[in-house]
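In: Provided below for reference: sequence and predicted model.
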Amino acid sequence: MTEKNKELLRVENLKTTFKTVRGTVTSIDGVSFSVGKGEILGVVGESGCGKSVTSQSIMRLYDEKKLVTYEGEIFFNGENLLEYSEKQMRTIRGNKIAMIFQDALSSLNPVFTLGEQISEALMLHQGMKKKEAMVKAEEMLRLTGIPAPEKRVKCYPHELSGGMRQRAMIAMALCCQPELLIADEPTTALDVTIQAQILELIVKLNNTLDMGIMLITHDLGVVAQICQRVIIMYLGQVVEEGKIDDIFDNPKHPYTMGLIKSIPTLNTNRKEPLYMIKGTVPALGQEGGGCRFCDRCNYATDKCKNTPPEIMDIGANRKVRCHNYSEITKL
Amino acid sequence: MKNTEKGIGKEAIRESRKLKLKIFMKNKLAVVGLVITILIVFLGVFADVICPEGPYVMDIAKRYIEPCGEYIFGTDKMGRDVFARIVYGIRISLLVGAVTTLVTFIFGMVLGMIAGYFKKVDNIIMRICEALMSIPPVLMAIALMSALEPSITSVIMSLCIVYTPQIARVARGATIAAKENTYIEAATAQGASSLRILLHHIAPNILSPVIVQGTYIFATAIILEASLSFLGAGIPAPAPSLGNILYEAKEGIFTANWLTIYPGIAMVLTVLGINILGDGLRDVLDPKSN
Amino acid sequence: MVVKKTKNPMERYEQDKVILEVRKLNKHFNIDSRMRVAAKSVKAVNNVSFDIKENETFSLVGESGCGKSTTGRTVLRLIEPTSGEIYYKGKSFLELSGKELRKERQNLQMVFQDPYTSLNPKMTVGQIIEEPLIIHKLYENKQERVNKVLEMMERVGLRKDQYYRYPHEFSGGQRQRIGLAKALIVNPKLIVCDEPVSALDVSIQSQILNLLQNIKKEMNVSYLFISHNISVVRYISDRIAVMYLGHIVEIAPTDELFNNPKHPYTQALLSAVPEADPHLKKEKIELKGDIPSPIDPPSGCPFHTRCPKARDDCKYAEPVYTDINEEHRVACLLYEY
């Protein structure tokens, strides 16, 4: 194994269960995947598929006393994060694993300047002095391409545009040189021309800083443009995993096929109706005994209705959770 | 066919009601409030069944009897049964509270929705409300009562004038918030008139906070009525209300303390019960808490 | 389409089937002067002119803050314009009084972006879809209205047994179907669709887009389609106007716009769309900086601060429309002679 492909994060059979007034809800059920050093992994799925829960579980951001129970293992650099104490987790969060969110405005504290917010993390995790930290903060803002960073460190979040705020949040996430960056829909709230800038920045930082990136998104276009590998999630499970070219050229799972076909692109034939995946995403807890996708699947058989498929390794770094993938692919 | 369709929809409604009930029942304090309120209301409503002889029977020979088997709360200076007076007092206090709440609810909703929806009159209505609210409720009520004939109707009228602005303010705030929803814009785009928007789209959506405010008004109206009666500006004697029972008891406060203790407890329980119930209702009705 | 001064709006409706004509529409919002030294205004819509023909999908595309939603709402008079003219079927829409306007709204409907706040949570689906029939007094008795509602529910892909359900029990896509049924039940001629699919999941988005296409064919409606998603706009539109900072910078039929974009902003916008194809590494035209604030728009051409092809005169001269061909217009100094 080369240094580039060294495993950074490995999630094994992760199961996250929430307690609610209506009873318990298993939000993600047996999710396994890994992120290599310097790799950009795309995590794709629709609302309710558990992609955000997965990332929050890795960071263990939920209230474990009241709200949530975890099962499975999360190995980060070979150590199981689920066995860490809350105190140990604090040395990981924001330091070794950093996170950026869709909504930069509500993720930044409105009453502190950018410089203060970035330097806070530096003083906390790296033990820097205030002055030193401010210099570093300015440097980080410059790295993310914010013009005139010496002025921006004194700005409050509301004084910046959406794109600038996203850059500032990235600067804050990167200031402790994390080994893993979890980006949860980082460009969804942005305009296309600004999105292009931010994606370019993420790729550039990935190359220069050599960190692993887990990019969570619903936008297959974004994934196709910047990721090396991708996992597709549906209703709390990974349904397909593979290299980006393989997935787009030759999807094996009917859900992946449907997703790719149903997006209008700049080459779609406008005279023909778009491909549709029938039905709607069922609510969690309402899935039947069989495959979770079978009600919406055009190829579902009796077996699909009764036996839940396991995720299968089908070689060439690909995995798929479907009973009939080999027949379907031939059609 | 129609029935089964209806059945499916109704089932969902029942399910959501069940869930709301579950949230309410989980709140132990609210259940206590509900139980107390039900007991008090029961006493008030069935006063003439519980004490058929009424609150006015005097017997000078039986003055100041301490609580005993026959008179569980004792008798007062005119030999009247304190228990009977408290039960009838609760009835009058609840009547005053209920009518005040109902009237302020109607007027407050109308004024608040108009103020919240039509920007032009907002200033006028709200400034008048604020002016009314700036006077302490007790002073305001005393002033009004001195101008009116002393009677239950006058007490209710002055309480309504005191509390309508409070409901109006809550209704206005809720209206302004509801107005921001796209479904209001959608109704406008549909060609709906302002009246229709207010009645069909705004009113149902602002009910929850106004109802919660209403329960507080219920409780405070009972207290204010008692204060007025205690000060001699409320319900005219000899009719019993929790306030004037206490007023009449003050002569014997050191010698016959049961005259103040039992009506006092009745008063506290009534107000406390309704208030706790209001808190519980807020948790159920507030969509954010679900 | 060039607005020919020789034809009046009535003639354009009768001869060219233009059902909606918008001329030099302006909307400036005043900012409260208490907060600032001098009162300023946000120039949300500037001299916007376009027309929509019968059974046509006309799209406004642009980034946030470009004024596309404001334009859509102003066309329906949900926001009153600062100046300009709007003609529906050749008659001035802006001159209608309150009651006439409410009546005319039957023909001009709207579908909203957010399917979570655009439906009254306290009404059942049946009541929501029935309401327009009550407002416009279209049927005499309740049974006729209910039948019509059930027919419309079926038409947009809702089940009859969902009649008594409340909006919160539905997913985003189904709510958008409810919103669509509500708009369609009064047989409108034009529907303003404000980002109707952008809040929806990918697998649901294509269902709604197909539904919109089918309805257009069957019910002979026109759409004013507002979206920031260029691929969606390309799929659904007959003609497209690209907006930037309140201005329409380019307007052309769909294929023409995508094959032959003229305005530098259109070119950049098309190149920035992330394509769901890993082999397609497009030559990206990267735009520098951010969209300027509409409170303080740049002088001259609004795009000159970010334009890769900007010349000196772009800072001073405001571009006027140049006709590339009969149906393709662009507002850029590069094409003025």
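Out: The structure has been received and is ready for your questions. Residues are numbered from 1 along each chain as shown, chains lettered A, B, ... in the order given.

In: Need the residue closest to the centroid of the chain.
Out: Went with chain A since none was named. Here the mean C-alpha position of chain A is nearest to the C-alpha of residue A:216 (C-alpha atoms, centre = their mean), at a distance of 2.6 Å.

In: that's the wrong chain, I meant chain B
Out: residue B:218 (1.3 Å).

In: Could you point out the helix or strand that follows the helix or strand it falls within?
Out: For residue B:218, the host element (DSSP states H and E) is helix B:203-230. Counting by DSSP H and E, the next helix or strand C-terminal to helix B:203-230 is helix B:242-249.

In: Contact partners for the residue lying closest to residue B:194 once chain neighbours are set aside?
Out: Once flanking residues are discounted, residue B:194 sits nearest to residue B:117: 7.0 Å by C-beta to C-beta, 6 or more residues apart in numbering or on different chains. For every residue, glycine as well, the C-beta is placed using N, CA and C. The contact partners of residue B:117, by C-beta atoms under 8 Å, 6 or more residues apart in numbering or on different chains, come to B:175, B:179, B:194, B:197-198, B:202.

In: can you give me the strands in the stretch 151-300 of chain A?
Out: A:180-184, A:212-217, A:229-234, A:237-243 (DSSP state E, counting those that start in this stretch).

In: Which of those sits closest to residue C:236?
Out: strand A:212-217 (23.1 Å; C-beta to C-beta).

In: Remind me what that closest one packs against, helices and strands.
Out: strand A:7-20, strand A:23-36, strand A:40-44, helix A:51-59, strand A:180-184, helix A:192-209, helix A:220-226 (3 or more C-beta pairs under 8 Å, 6 or more residues apart in numbering or on different chains; DSSP states H and E).

In: List, one by one, the residues from chain C near chain B.
Out: C:76, C:78, C:101-106, C:109-110, C:112, C:114, C:117-124, C:131-132, C:135-136, C:160-161, C:163-166, C:169, C:179, C:182 (C-beta under 8 Å from any C-beta of the partner chain).

In: Would you check that residue B:151 makes contact with residue B:233?
Out: No: in this structure residue B:151 lies outside contact range of residue B:233 using C-beta atoms under 8 Å: 11.8 Å.

In: Can I get stretch A:240-247 in PDB, CA atoms only?
Out: Below are the C-alpha coordinates for stretch A:240-247, written out as PDB (Å, rounded to 0.1, in the frame of the first residue of the first chain):
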ATOM      1  CA  GLU A 240     -23.300   0.800  -3.600                       C
ATOM      2  CA  GLU A 241     -19.600   1.700  -3.400                       C
ATOM      3  CA  GLY A 242     -17.000   2.100  -6.000                       C
ATOM      4  CA  LYS A 243     -14.600   4.300  -7.900                       C
ATOM      5  CA  ILE A 244     -16.200   7.300  -9.500                       C
ATOM      6  CA  ASP A 245     -15.700   6.300 -13.100                       C
ATOM      7  CA  ASP A 246     -17.100   2.800 -12.500                       C
ATOM      8  CA  ILE A 247     -20.100   4.000 -10.700                       C
END
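
In: what residues does it touch?
Out: Against stretch A:240-247 from outside (C-beta under 8 Å, 6+ apart): A:33, A:42, A:223-224, A:227-232, A:251-253, A:255-256, A:311, A:316-321, C:278-279.

In: Likewise for stretch A:279-295?
Out: A:25-27, A:46-49, A:234-237, A:239, A:253-255, A:296-297, A:300, A:303-309, A:321-323, C:171, C:173-174, C:201, C:203-204.

In: Would you report which members of those are assigned to helices?
Out: The members of these that map onto helices under DSSP state H are A:254-255, A:303-306, C:173-174, C:203-204.

In: in chain C, which helix or strand is least confident?
Out: helix C:9-16 (a mean of 84; mean pLDDT, DSSP states H and E).

In: Now the element after it, going C-ward?
Out: Counting by DSSP H and E, what follows helix C:9-16 is strand C:18-30.

In: and the angle for the following helix or strand past that next one with helix C:9-16?
Out: The helix or strand immediately downstream of strand C:18-30 is strand C:41-53, counting by DSSP H and E. Put simply, strand C:41-53 runs at 40 degrees to helix C:9-16, going by axes from the mean of the first three to the mean of the last three C-alpha atoms, to 10 degrees.

In: Any part of strand C:41-53 near chain A?
Out: No: if you take C-beta under 8 Å from any C-beta as the test, strand C:41-53 misses chain A, and the best it gets is 15.3 Å.

In: buried set for that strand?
Out: C:42-53 (16 or more other C-beta atoms under 10 Å in any protein chain shown).

In: ok, back up a step: using a markdown table, lay out the strands of the stretch 151-300 of chain A together with mean pLDDT.
Out: Output for the strands of the stretch 151-300 of chain A, formatted as a markdown table (pLDDT from 0 to 100):
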| stretch | mean pLDDT |
| --- | --- |
| strand A:180-184 | 92 |
| strand A:212-217 | 93 |
| strand A:229-234 | 94 |
| strand A:237-243 | 93 |
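
In: residue ranges with poor pLDDT in the stretch 1-150 of chain B?
Out: Low-confidence segments of the stretch 1-150 of chain B (pLDDT under 70): B:1-13, B:15-16.

In: who wins for proximity to residue C:226 among the helices and strands packed on strand A:212-217?
Out: Short answer: helix A:192-209, nearest of those by C-beta to C-beta, at 15.2 Å.

In: and that closest one, is it in reach of chain C?
Out: Yes: using C-beta under 8 Å from any C-beta, helix A:192-209 reaches chain C at A:192-197, A:199-200.

In: How about chain A: which residue is closest to chain B?
Out: In chain A, no residue comes nearer to chain B than residue A:21, which is 6.4 Å away by C-beta to the nearest C-beta.

In: Return the residues in contact with that residue.
Out: B:19, B:22-23, B:26, B:290.

In: Flag the shaky bits of the stretch 201-337 of chain C, pLDDT-wise.
Out: Using pLDDT under 70, the stretch 201-337 of chain C drops low at C:337.

In: and the residue nearest to residue A:258 when sequence neighbours are not counted, how many neighbours?
Out: By the measure of C-beta to C-beta, 6+ apart, the closest residue to residue A:258 outside its immediate chain neighbours is residue A:277, 4.0 Å from it. Using other C-beta atoms under 10 Å in any protein chain shown, residue A:277 is surrounded by 24 other residues.

In: what's residue A:277 sitting at in phi/psi?
Out: phi -90, psi 120 (degrees, to the nearest 10).

In: And the one 5 residues further on, by the same measure?
Out: In terms of degrees, to the nearest 10, the main-chain angles of residue A:282 are phi -70, psi 160.

In: Could you tell me how many residues sit around it?
Out: Counted with other C-beta under 10 Å, residue A:282 comes out at 16.

In: what about residue C:130, distance to residue C:124?
Out: Residue C:130 sits 9 Å away from residue C:124, going by C-beta to C-beta, to the nearest Å.

In: Could you check which of those two is surrounded by more residues?
Out: Counted by other C-beta under 10 Å, residue C:130 and residue C:124 do not tie: residue C:130 has more neighbours, with 22 against 19.
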